[in-house]
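>>> I'll drop the sequence and a predicted model, then ask my questions.
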Amino acid sequence: MFTELNSILNTSPDSFTRGEFILVSDRHSDASFLIHHFLSFYLRSRCKVCFLGLVQSFCHYSAVSQRLGVSLTQAKEKGQLVFFEGLKESLSLLIPQENNTESEAVNFLRDPAVGLRSLYEFVRSSVNSSGSVEEGAEEWGPPVLLVDDLSVLLSLGVNFGDVLDFSHYCRAAVCSELQGNMVMLVRCNGEEEEDDGDEGTEALLKGLTHQCSLNLHVQGLPTGYCKDIHGKVCD
Amino acid sequence: MDITHFVIYMRYNLMILVSVSLLEEDRYDSYSRMILKYFLAEGVVCRHELFVATAQDTPDDILQELPAPILDDVAVPKPVEHSRLTGELQESLDAMKIAWRYQNLPKVQSALASSSRFGHYYDVSKTMEVEIRQATKCHPFYLPDHVTPPSTAHRVESYSALLRSLQEVIHREGFDLAAPMSKSRNILRVGLHSLGSVLWGDDLCCHDKPRHSHALTTFLYGLRALLRSSLSVAVVTIPSHLIQDRALMGSITRLCDNAIALESFKGSERDTNPLYKDYHGLLYVRQVPHLNCLASQLPDHKDLAFKLKRKQFSIE
């Protein structure tokens, strides 16, 4: 995790505000490094983490987390981390086969109109499992939901209203009810001024900005491309 | 910097296994087709297997146009010479007293002993010899040969058929990462030509608000899922100049790991612009990958122009 960012946000693994929804967004840049930051931050805080890794493989997140000093494999084995590998689960629906069990959490791939209720049920069961602790198992802190990234759901045909509903229900369950935290990444296309209608990432970003406690927005430099400085972060 | 340096840079990224590279076609698909052929030709020279999918020209048409590698530093034994070479080497092996460590290596230098070398040169004025090309295993997917049911609003059946076909090849030929390690492993180079065009049954290029707006992005998601679990690398060409929706192009780009775009000067006013007189077009680096790492290795410059010469595809 990035200690400078912790310092700016006045937070640390030992002391952070609970019940927060942190929205991470980007435009003409890549804010996924913040997802890696928060993943290692909350694992170090001994929180029970549910991570919806929708755009990269487990190996990718694990390799980066290793460099940040956290082992995702160990966290999974200890029961601290529930990792949902979207790419792997999606294949069973995108290429249905006779002997394969289809993952219900991504049933929106079969028909986007069904919405994200099943994915929410998965999140709900993952964060609620911290309530039923087996004898001898470690006890973890408040639950945390991390999503990388929410805008890919729009690319997969999910309606923008369904994505907003999903984030609302997750916030109600994780942040309000269980006093945990939530971090979601949204990636924007094009310029802020462009109107891409009622749907799309711009509308999603506006809706989520209204719901969140803190928005960290990463964007490219207004002066253009620079190899040494990739962009700026504003809140 | 010529194509060898750039292609080595891009090939380093293109050759990051499990990655998907997007190549936005130039207007007449002349230079983008050339880069696709470089990618496939490199696969032949490195003895990888190829999966080529097309909807217009047959995969064989593309393979027949592969540029000839310049192999002046590698012996290419013809079949009639094979036994003679073996005989000569047999004599020298008997005399191998100092170089005894090399005794157990293969006796005959393979036709393209280039797997240890990274990057090759090609002569675009000549096509690859049939013997060299046919030594490579190629899995073609020609859309008109596949009967597909009618597409629905959110699914284009040609993409589903393509994804299924690619998965079958990956499983059957042992490119699956889950396959037992005992079998000798190779790499599958996947070349997908002109996805998103009308010939694939998609309407992205026809309408401002396409009916199948999520079909290609869903396919690319499935392609990424397949590649992440196999020993393969893909290059996808897309006629992006026909896609009006820039937000959609942004989504398509983000679902690939690498993305470059070509703008040819042919037929445009830049063809006669003295500033560009030494070049054939512009090359844009839209996205660089950062697989298994926090940040991308960014190029020094993103303002690049290219020129195609007989033995070089120069990029400056």
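Okay, I see it. This structure is a prediction, so every number in the text was calculated from the model and none was measured.
>>> near B:Lys309, how many other residues are there?
Residues near B:Lys309, counting by other Cβ atoms under 10 Å in any protein chain shown, number 12. Heads up, the C-betas are built off the backbone N, CA and C, glycines and all.
>>> for it, give me the pLDDT.
The confidence metric pLDDT takes the value 76 at B:Lys309.
>>> same deal with B:Ala95?
B:Ala95 carries a pLDDT value of 47.
>>> same check, this time on B:Gln312
Value for B:Gln312, per-residue pLDDT: 73.
>>> how about it, phi and psi?
phi -150, psi 140 (degrees, to the nearest 10).
>>> how near is the residue of chain A found nearest chain B to A:Val174?
The nearest approach of chain A to chain B comes at A:Asn189, 3.1 Å away (Cβ to the nearest Cβ). Going from A:Asn189 to A:Val174 by Cβ to Cβ, to the nearest Å gives 28 Å.
>>> swap in B:Asp303?
45 Å.
>>> coming back round to it: tell me which residues touch the residue of chain A closest to chain B, please.
A:Asp196, A:Gly200, A:Thr201, B:Arg246, B:Ala247, B:Met249, B:Gly250, B:Ser251 (Cβ atoms under 8 Å, 6 or more residues apart in numbering or on different chains).
>>> can you list contacts of stretch A:165-185?
By Cβ under 8 Å, 6+ apart, stretch A:165-185 touches A:16-26, A:31-32, A:34-35, A:38, A:42, A:47-48, A:115-116, A:119-120, A:123-124, A:127-128, A:142-151, A:153, A:208, A:211.
>>> restricted to helices, list those.
When DSSP state H is applied, the contacts of stretch A:165-185 are split such that A:32, A:34-35, A:38, A:42, A:119-120, A:123-124, A:127-128, A:151, A:153, A:208, A:211 fall in helices.
>>> all strands of chain B, in order?
Listed in chain order, the strands of chain B (DSSP state E) span B:20-24, B:49-54, B:67-69, B:122-127, B:138-142, B:188-192, B:232-238, B:258-264, B:281-287, B:303-308, B:313-315.
>>> check chain A and tell me which residue is nearest its centre.
Computing the C-alpha centroid of chain A and ranking residues by Cα atoms, centre = their mean puts A:Val147 first, at 1.3 Å.
>>> one more: chain B?
For chain B, B:Phe39 is the residue whose C-alpha lies nearest the centre (Cα atoms, centre = their mean; 3.5 Å).
>>> read off the pLDDT value for the residue nearest to the centre of chain A.
Predicted confidence (pLDDT) for A:Val147: 96.
>>> what's the pLDDT at the residue of chain B found nearest chain A?
Residue of chain B nearest chain A, by Cβ to the nearest Cβ: B:Gly250 (3.1 Å). As predicted, B:Gly250 sits at a pLDDT of 89.
>>> how many residues are close by it?
Neighbours of B:Gly250 under the rule other Cβ under 10 Å: 21.
>>> for chain A, what lies in contact range of chain B?
A:30, A:32-33, A:36, A:56-57, A:59-60, A:63-64, A:67-68, A:87-88, A:90-91, A:94-95, A:109, A:111-112, A:151-152, A:154-157, A:187, A:189-190, A:194, A:196, A:200-201, A:225, A:227, A:230 (Cβ under 8 Å from any Cβ of the partner chain).
>>> at 6 Å what do you get?
Contacts of chain A with chain B, taken as Cβ under 6 Å from any Cβ of the partner chain, map to A:33, A:57, A:60, A:63-64, A:87, A:90-91, A:94-95, A:112, A:155-157, A:189-190, A:196, A:200, A:225, A:227.
>>> weed out the non-buried ones from those.
Buried members of the residues of chain A next to chain B, scored by 16 or more other Cβ atoms under 10 Å in any protein chain shown, are A:33, A:57, A:60, A:63-64, A:87, A:90-91, A:94-95, A:112, A:155-157, A:189-190, A:196, A:200, A:225.
>>> which residues does B:Ser197 contact?
Counting by Cβ atoms under 6 Å, 6 or more residues apart in numbering or on different chains, B:Ser197 touches B:Cys205, B:Pro239.
>>> show me what the closest residue to A:Val127 other than its chain neighbours bridges to in the sheet.
Using Cβ to Cβ, 6 or more residues apart in numbering or on different chains and skipping the chain neighbours, the partner closest in space to A:Val127 is A:Pro143 (3.9 Å). Per DSSP bridges, the residues bridged to A:Pro143 are A:Lys48.
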